[in-house]
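K.L.:
sequence first, then the predicted structure, then my questions.
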Amino acid sequence: MIRVQREDFDVGAEIEALTRGKTGIGGVASFIGLMRDVAGGSAIRAMTLEHYPGMTERELERIETEAQRRWPLIASLVIHRYGRLEPGDRIVMVATASAHRAAAFEACEFLMDYLKTKAPFWKQEETPEGPRWVAAETSDDAAAARWTKEGGG
Amino acid sequence: MIRVQREDFDVGAEIEALTRGKTGIGGVASFIGLMRDVAGGSAIRAMTLEHYPGMTERELERIETEAQRRWPLIASLVIHRYGRLEPGDRIVMVATASAHRAAAFEACEFLMDYLKTKAPFWKQEETPEGPRWVAAETSDDAAAARWTKEGGG
Amino acid sequence: MRLLYFAHLRDKIGIAEERLDPPPGVADVAALIEWLKGRGPKFAAALANPKALRVAVNQTYVGWQHPVTPGDEVAIFPPVTGG
Amino acid sequence: MRLLYFAHLRDKIGIAEERLDPPPGVADVAALIEWLKGRGPKFAAALANPKALRVAVNQTYVGWQHPVTPGDEVAIFPPVTGG
């Protein structure tokens, strides 16, 4: 399941809803991205996440489908927020459930790596020097590329 | 922080407590181990986790210290339950928080792998054929061994 | 054709969305970008570095040889920074 | 010396914990296991396969050459299955 929303989410409730009644699940890996108060040496007061409505949902669904194709997932979830966020706020959550932990961990990392390089979101930070668009990280491209090399789990 | 307890835990509340006020955290990786209703081809009604009080805490602390030495963690948490559990019940939770996601993911996997092979817990399952002690998995030894080969993050 | 610009590309161009009818010779993404650059100095500056551009046609990432047709939704944006 | 047995080892031996005074010649883990095996058929059966045994002295994993002394807490158990 994927969701793109302005509102915050409840991590415990989301994992509970994802796994409830599915007693074949042995492990749930999850990742929560939080807004940091520093970036590139500047203090960040807040940031605004812009996205491309329509394409965002399509890309997240495509990435989730790919993860389900590569690993034996019993359940998966991607939630990504947009709008204005402050330090400590939750930005993104990915959770993957499988019978065994290796598949859950790998699929969770895969989803985060692909989301970072493919989901059409852009961050604008509010710094003491004014607003600043965040530049893409080459380390994110490298992280995503390893899944192409390995050819999947 | 490590905890060994009979009671269940609240995943969302634990992550919230672990990260609150630490606005340098960019990502939290977590893993939750759940009790499955099948194992080795048998339906499992329940299981009882026995442990070695005293040594369990020492081993978990040792493993957590090692993870903090290898990766730049801002916070970490290991909770492991003991006693009687039923399918769908939470068994274990590991959470690792860092500025960036790669360190959080790696440390979380490391903690789970080491916990599986070093923390003195033993599972006895209630099967239709009677109680059965779970045998150790060689795949768990292999998973833990990769951290020795790689020499850390 | 519906054109969408996002993030700092939109800031530089000064437009978020527009409807355009490129001439018939503009048949793929590369030609469209070239044609847009000829529309004024803001477009020329914003679209100067092709490596810093990502293009989606009908909400799917495409390469520069991908065809564009009058009914398409074409989005041009910088590399993404979500997650 | 305080001896502890866990999981199916405890079930086989029939004892969870005992206090023992091994003879002075029993100076390391290997000698202790050998001496315990001589205490009866249940011990001999439970401790027959050294590869299936893990040993902790004073709550720390040790190898078979690790010394044991009268004040130690020695735990013998099968490979762990937590997580």
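P.N.:
The structure has been received and is ready for your questions.

K.L.:
check which helix or strand covers C:Pro23.
P.N.:
Under DSSP states H and E, no helix or strand contains C:Pro23.

K.L.:
check chain A for its longest helix and report it.
P.N.:
Across chain A, the longest stretch assigned as helix under DSSP state H is helix A:101-118.

K.L.:
over to chain C?
P.N.:
helix C:29-37.

K.L.:
same for that one, what does it pack against?
P.N.:
For helix C:29-37, the packing partners by 3 or more C-beta pairs under 8 Å, 6 or more residues apart in numbering or on different chains; DSSP states H and E come out as helix C:41-46, strand C:54-57, strand C:73-77. To be clear about C-beta, it is placed using only N, CA and C from the backbone, and glycine gets the same treatment.

K.L.:
A:Glu125: which of the ones you listed is closest?
P.N.:
Ranking the helices and strands packed on helix C:29-37 by proximity to A:Glu125 (C-beta to C-beta) places strand C:73-77 first, at 17.5 Å.

K.L.:
give me the neighbour count for C:Ala46.
P.N.:
By other C-beta atoms under 10 Å in any protein chain shown, 24 other residues sit near C:Ala46.

K.L.:
cool, and A:Gln5?
P.N.:
As a burial measure, the neighbour count of A:Gln5 was computed by other C-beta under 10 Å and equals 11.

K.L.:
mind checking how far it is from A:Val94?
P.N.:
To A:Val94, A:Gln5 is 14 Å away according to C-beta to C-beta, to the nearest Å.

K.L.:
with A:Glu86 instead?
P.N.:
As judged by C-beta to C-beta, A:Glu86 and A:Val94 stand 22 Å apart.

K.L.:
neighbour count winner among the two?
P.N.:
Neighbours around A:Glu86 and A:Val94, counted as other C-beta under 10 Å, are more numerous at A:Val94. The numbers are 29 against 13.

K.L.:
and the helix or strand where the more buried one lies, what other elements does it pack with?
P.N.:
A:Val94 belongs to strand A:90-98 when assigned by DSSP H and E. The elements that strand A:90-98 packs onto, with contact taken as 3+ C-beta pairs under 8 Å, 6+ apart, are helix A:11-19, strand A:27-34, strand A:73-81, helix A:101-118.

K.L.:
avg pLDDT for the second one?
P.N.:
For strand A:27-34, the mean pLDDT works out to 98.

K.L.:
do the same with stretch A:53-72
P.N.:
Across stretch A:53-72, the average pLDDT comes to 98.

K.L.:
so is it next to chain B?
P.N.:
No - for stretch A:53-72 and chain B, the contact criterion (C-beta under 8 Å from any C-beta of the partner chain) is not met; the two come no nearer than 13.3 Å.

K.L.:
ok, that stretch near chain C or not?
P.N.:
Yes - taking C-beta under 8 Å from any C-beta as the criterion, stretch A:53-72 and chain C are in contact, through A:Gly54, A:Met55, A:Arg58.
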